[in-house]
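>>> Sequence first, then the predicted structure, then my questions.
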Amino acid sequence: MLIVLFLTIANFLLHLYFNNRYGYFRDEFNYMACGDHLAWGYVDHPPLIPFLIKLSRLLLGDSLRSIRIVPALATSAAVVLTAMIARELGGRRFALVLSALAFIAVPFYLNDGSVMTTNCFEPLLWMGCVYFAILAVKREDPRYWLWFGVVAGIGLEEKYSIAVLGFGLVAGLLLTEQRRVFAAKWIWLGGALAFLVFLPNFLWNVRNHWPFLELMHNIKADGRDVVLSPVAYFAQQMLIAQPLLAPIWITGVLAFLFSARLKRYRFLGWCYLATFTVFVVLKGKNYYLGPIYPVYLAAGAVVIENFIARSRQVWLKPALVTLILAAGVWLAPVVMPILPVEQFISYMAKLPFEVPPAQRAQPHACDPAATFC
C-alpha cells in the first residue's frame, strides 16, 4: 500500500499542478451559479456538487485550482479504494499496484480529476458501494450493508445514475447464492438509510413536480438520446476505459462470472451485465457506465498476478507497468490541460482520431462520448 499511496499522491499533485489551465469548463459555471443559490435540488442534478463548489470557493477562492481541488482529491481517493478492493479480492503487492496504476491511466478518470462536474465523485462513490458489498459478503458481517446504504444515499445526492448500480447489485445478488442476504434485516436497513440520506432531494423533487424527470422526457422527445446497439456500446466501453486496459477489466468481468476462486463475488459479474443492459435500453451515453470499471480492473489485476506467479513469467510485471504508463501518458493531454495551446493543437493533429469541434473549445474537458470514448 505504500507504493499505492505514492501513486495516489502523484496523481493528486499532477492534477493540482495542471488544473489551472484553459479556463473554466462551461458546466463549472452552472455549478458555481447553483452554489450561489443553494437548494436541495436543481433541474438537472442533485445538490452535492453545488454545495462542494460553494464550500471550496469560500475556503480557497475562485481560482481554477481551488475549484478543482475537490475532483483531484476525489479521484485520488478512488485510486486507494481501487487497490483496497484488489486486496479484498485476494490481491497481493503487484495486484494492488497494477490496479491503482490502471485506474490512474484511464483517460475517463483523468478527466474526472481535472474538472468539477457531477462525474468527478462517481468512481469513488460507486466503488464505495461495491467495497462495502464485498466486505459484507467476504467477512460475513451484514452490518456492512448499513455503510453501503450511507454511501449509496450520498451518491444519490451527487448523481442519480448510481441508482443503476444499485439495481445491478440487487440483480446480481438475486441471481447468485448471495440472495440469502435479503433474508436478513441489514440490507433492508441499508436501503432505508440510503433513502433517508436521499430524502431531502426526493422531497424537493416532489415539491417541484419532478423537474429532472421532465428534463429527461424532453431530451427523449427532442431525439437527443444516444442510440447504440449493444455491440457498439460495448465497443465504446473498451475505448472509454483505455483500449490497452480493456483486457484487464474484461478479464475481471469474466473472472467474477466464471472463476471458482471468486465464486462468492459472482454477483459482481452479473452486476456488470445488468448495468450495461440498463444503459443500453435507456439509451444512456457511453460514459454513464464509466464509474463501474475500477472493481473489474482490480479483479483483472488479481487474475494477472496469479497467472504470473504460476507461470513464473516475472518479466510481465515491468512490461505491464511500462505499457500502462506509456498509454496513460499518451492520452493524458486529450483529457487534461497539460500542454500549452499551441502544442496541444499540434498534438491533436497527430492523433489517430479526431476530437469534434464542440470539444476543441475546451480540450481538457472533452466529452468521452465524442473522442476516443
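Okay, I see it. Given the structure is predicted, the values throughout are model-derived calculations rather than measurements.
>>> helix/strand/coil for Pro352?
State at Pro352, reduced to three classes by DSSP: H, G, I helix; E, B strand; the rest coil: coil.
>>> Actually, Asp141.
Secondary structure, three-state DSSP: Asp141 is coil.
>>> That one - nearest residue in space that isn't next to it in sequence?
Leaving aside its chain neighbours, Asp141 sits nearest to Leu135 (7.0 Å; criterion: Cβ to Cβ, 6 or more residues apart in numbering). To be clear about C-beta, it is placed using only N, CA and C from the backbone, and glycine gets the same treatment.
>>> if you average pLDDT over the helix or strand hosting that neighbour, what comes out?
Using DSSP states H and E, Leu135 sits in helix 122-138. For helix 122-138, the mean pLDDT works out to 97.
>>> Work out for me the element Tyr42 sits within.
Using DSSP H and E, Tyr42 falls outside every helix and strand.
>>> surely it meets Leu48?
No - contact between Tyr42 and Leu48 fails when scored by Cβ atoms under 8 Å: they sit 10.7 Å apart.
>>> which one of the two has more residues nearby?
Tyr42 (21 against 18; other Cβ atoms under 10 Å).
>>> quick one, what contacts that one?
Contacts for Tyr42 (Cβ atoms under 8 Å, 6 or more residues apart in numbering) come out as 34, 50.
>>> ditto for the one 5 residues further on
The contact partners of Pro47, taken as Cβ under 8 Å, 6+ apart, are 38-41, 157, 200-201, 204.
>>> Need the buried ones from those selected in PyMOL.
Those of those that count as buried under 16 or more other Cβ atoms under 10 Å are selected in PyMOL with:
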select buried, resi 40+41+157+201+204
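>>> Which ones among the contacts of Pro47 lie within helices?
Among the contacts of Pro47, the ones falling in helices (DSSP state H) are 157, 200-201, 204.
>>> Next, format these as CSV and append pLDDT and distance to Tyr288.
As requested, the ones in helices among the contacts of Pro47 are arranged in CSV below (pLDDT from 0 to 100; distance: Cβ to Cβ, whole Å):
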residue, pLDDT, distance to Tyr288
Glu157, 97, 18
Pro200, 97, 24
Asn201, 97, 19
Trp204, 96, 23
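>>> Next, the angle helix 122-138 makes with the lengthiest helix in the chain.
The longest helix of the chain (DSSP H) is helix 64-88. With axes from the mean of the first three to the mean of the last three Cα atoms, to 10 degrees defining the directions, helix 64-88 sits at 20 degrees from helix 122-138.
>>> other SSEs contacting helix 64-88?
helix 2-18, helix 48-60, helix 93-105, helix 107-112, helix 122-138, helix 293-311 (3 or more Cβ pairs under 8 Å, 6 or more residues apart in numbering; DSSP states H and E).
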